[in-house]
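Enquirer: Pasting the sequence and the predicted coordinates here, then a few questions.
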Amino acid sequence: MNILEVNDLQKTFASQIAVDKISLQLEQGSIFGLLGPNGAGKTTLIRMITGIFYPDEGSILFKGRPFDPVKDIAQIGYMPEERGLYKKMKIGEQAIYLAQLKGLSKQDAIRGVKEWFIRFEMQSWWNKKVEDLSKGMQQKLQFVITVLHKPALIILDEPFSGLDPVNSNLIKDEIYALARQGASIIFSTHRMEQVEEICDHIILVNKGQKILDGTVSGVKQQYKENLFSIGLEATGKQGEAGTAGGERPEGAAFEAVGQKDGRWIIKIRDGYRPNDVLRQFIDQGTGITSFTEILPSLNDIFIRLVEGTPLARQFQPISI
Amino acid sequence: MKKMWLITRREYLTRVRNKTFLLSTFLLPLVFMLFIFGAVLIQLKTQSHHRIAVIDANGYFKDYLRGDSTITYDFTPGIDTVNYQQKGYTAVLIIPVLSDSGKSECRLKYKKSLGLIGTESLKEHIHNAITDHMIFEKTALSRPKLDSIRSRSDFTQVESYEDNGPTAKASSSTSSYVVGYASGILIYLLTFIYGAAVMRGVMEEKTSRIAEVVVSSVRPFELMMGKITGIGAVGVTQFLLWVILLGGVGFVAQIVLSHDMWQHVEQARQAGPMGGPAIRTTPAGFDLSNALGNINLVLLIFCFLFYFIGGYLFYSALFAAVGSAVNEDPQEAQSLMLPITLPVVFSFIIMSVAVQDPGAPLAVWASIIPFSSPIVMMARIPFGVPGTVPWWQLGLSMLLLVLGFLGTTWLAGRIYRTGILLYGKKPSWKLMWKWAFQRQ
């Protein structure tokens, strides 16, 4: 079931189109990556999904019904990229207050805050003020406030910024746990390595438009460039393929585009398969030590789509 | 509504629990009173005294020119316009020979001006001297008789009654003036103090970036209104504490200024120079409602609360809009606040006219138009409702104020919801106007 369906959402500020006909589907219990460079329109899109902005055009379905910003807002937890808390307010009191604003009763709010504070070992902070906390501690508190009211949809904008590796892992585990319990998570970021690790499905937004939509593995398959890394045994013979630093291998089935870590990076020509390449080396009597397909990282795809840089250009160019 | 109530409660409690609230509640009236007391004291102590040397060509001014507590006249010969300062005079007055026909000019030469009031007194003294001289010269009246007529014809005050039926009580323009002025100033101060508090609160939420967290839970309008009502409730609490405090002070005064003391006052009055019928005073002691003349205390407090709340809502919404538009730079707030502070300051100026002439057309209209009505109407009400202020004026003024704050709140709400989430753009009223009317 889709918890969220966004259809042709559009928002214009003055003369600038911030979000241009973006559609997306979010399955319940999945972790969804919303990617894009700064200023791509991610925040505007999120603000429409959280009911802060009204869309100019398009529709939002929440749990299959048209989204009601007043009622459904209680089922959404949103952690904005720019974190904010009342600096002079005590932490326990503040967490309870913000949970009550989400519609929790005072008793439920107190119970929830206590549970989370124990889980994150924050009990001793209860009477401290936010201004007395370190940045990392504030981040943890912000995360607790976002998920405290057990929202069905959790939107996290750059949740790991400012966290050390230990706390990053702590939050990451909680994200997995929440997804397992049925919460759906939108994860907005431009840190690709985290997306690859965490997300099931991604969309990439640039200049207000959606330019990519799919599962992480599907997208990688879609954008692979038939690049392989091949390791060859040294023979010392002239005219034959050599090891790193040796002469470049030649063949009809492929062309060598670069070198990396002592291995050749080859691109298989259209109409040929990896078997054709391997057969050529076997026929030549060259020993093969390794042969791996190079799938683009999301980072590569991101840069390629946003800047128009092809993947192959990122490898060390060959100088002969 | 439930969420707005939560916000109101937080705003109210965090402020009321704060030590500065208690401090300002008790210290502000004290400072206010000390300020007025000090001003009066300084006024009395430092009243300047003028010694004026007179060069009289007529010869009779010596007998008739009488000074007062601030001006004394001296007829020592040998003083001229050159040496008067050395001889210790502040000015020298030269009276030429006065004839019955045509006006003659007296000349005053001074180093230190007498000021407006001093010059008026001087004119009156000369005028009185000439009148006395003429009466004495041209009629058969003797000197003691003239003095006797003067003292017997003297009266001290006009006791005025507002024409409002059989229950008419003696009214006093002076107490109306004082109460009107004090109410006007108080509303003026409270509008600024609490309006600025709303603005600072909004700016704090914007700069600490909590605003986006909160507006993902409540509508921006609820957040704004919660803040405005919470801070307004602090203002009302403070005002009510002051009323209680004032009542307490009145009660204490009643005990301290005991019966004996009032008898002293009474005796002193009866032994006064004129010996005429004594002015009615309250023998029982100090009575607040009597001190306020015919002012209806209940109506006054009700109107004060109404105009405080109405004026506060009217202006604080605009202050909230400014607070939402500015970024971290307080300088930006300064320039944006000008269009809000100007009408408030103008109202204050009109108010000081209205307490002198509460029926003047400017005062009447300013007390009806919402921009100035909270301050100006409060200055007029102590002069009497429905006498000086007819019911229709009060009603219209209140209705327009309610419509006015609904209007400013609506406008501010639209500016607020855009401004609170927008960073880095240098705000202007033009931009805010655009936000208010853009599609949302």
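Expert: Yes, it's here. Note that the coordinates shown come from a computational prediction; the quantities given were computed from them, not determined experimentally.

Enquirer: Distance-wise, check residue A:147 relative to residue A:171.
Expert: Residue A:147 sits 10 Å away from residue A:171, taking CB to CB, to the nearest Å as the criterion. Backbone N, C-alpha and C define where each C-beta goes, glycine included.

Enquirer: actually residue A:19, sorry about that
Expert: Residue A:19 sits 28 Å away from residue A:171, going by CB to CB.

Enquirer: the more surrounded of these two?
Expert: The neighbour comparison of residue A:19 against residue A:171 (other CB atoms under 10 Å in any protein chain shown) goes to residue A:19, with 30 against 16.

Enquirer: show me what contacts whatever residue of the stretch 101-250 of chain B ends up closest to chain A?
Expert: Closest to chain A within the stretch 101-250 of chain B is residue B:209: 3.1 Å, counting by CB to the nearest CB. In this structure, residue B:209 makes contact with A:80, A:82, A:83, A:84, judged by CB atoms under 8 Å, 6 or more residues apart in numbering or on different chains.

Enquirer: try 10 Å
Expert: By CB atoms under 10 Å, 6 or more residues apart in numbering or on different chains, the contact list for residue B:209 reads A:80, A:81, A:82, A:83, A:84, A:85, B:421, B:423.

Enquirer: From residue B:105, how far off is the closest residue to residue B:64 other than its chain neighbours?
Expert: Closest residue to residue B:64 apart from its sequence neighbours, by CB to CB, 6 or more residues apart in numbering or on different chains: residue B:129 at 3.8 Å. Using CB to CB, we find residue B:129 at a distance of 16 Å from residue B:105.

Enquirer: Comparing the two, which shows the higher neighbour count?
Expert: Shown here are residue B:129 and residue B:105; by other CB under 10 Å, residue B:129 has more neighbours (21 against 8).

Enquirer: re earlier: and the contacts of residue B:209, which of them are buried?
Expert: Buried residues within those, counting neighbours by 16 or more other CB atoms under 10 Å in any protein chain shown: A:80, A:81, A:83, A:84, A:85, B:421.

Enquirer: that older thread, overlap of the contact sets of residue A:147 and residue A:171?
Expert: Common neighbours of residue A:147 and residue A:171 (CB under 10 Å, 6+ apart) are residue A:156.

Enquirer: Pretty sure residue A:294 sits against residue A:300.
Expert: Yes: contact status for residue A:294 versus residue A:300: in contact at 9.5 Å, counting by CB atoms under 10 Å.

Enquirer: can I assume residue B:214 sits in a strand?
Expert: No: counting by DSSP: H, G, I helix; E, B strand; the rest coil, residue B:214 falls outside a strand, being helix.

Enquirer: residues contacting it?
Expert: Applying CB under 10 Å, 6+ apart to residue B:214 gives the contacts A:84, A:86, A:97-98, A:101, B:3, B:7, B:205, B:220, B:222-223, B:226, B:420.

Enquirer: now do residue A:298
Expert: Residues near residue A:298 by CB under 10 Å, 6+ apart: A:33, A:35, A:191-196, A:199, A:202, A:204, A:212, A:216, A:219-220, A:223.

Enquirer: The residues you listed in helices, which ones?
Expert: Among the contacts of residue A:298, the subset assigned to helices under DSSP state H consists of A:192, A:193, A:194, A:195, A:196, A:216, A:219, A:220.

Enquirer: Leaving out chain neighbours, which residue sits closest to the last one?
Expert: Spatial nearest neighbour of residue A:220, excluding adjacent residues (CB to CB, 6+ apart): residue A:295 at 4.6 Å.

Enquirer: Residue A:223 is in contact with the one you found, correct?
Expert: Yes: assessed by CB under 10 Å, residue A:295 is found in contact with residue A:223 at 8.4 Å.

Enquirer: Can you show me the strands along the chain?
Expert: Using chain A. Listed in chain order, the strands of chain A (DSSP state E) span A:2-13, A:16-27, A:31-35, A:57-62, A:65-66, A:76-79, A:153-157, A:184-189, A:201-206, A:209-215, A:227-232, A:254-260, A:263-268, A:288-294.

Enquirer: Not quite, go with chain B.
Expert: Going by DSSP E, chain B shows strands at B:50-56, B:71-74, B:91-95, B:107-110, B:160-161, B:170-171.
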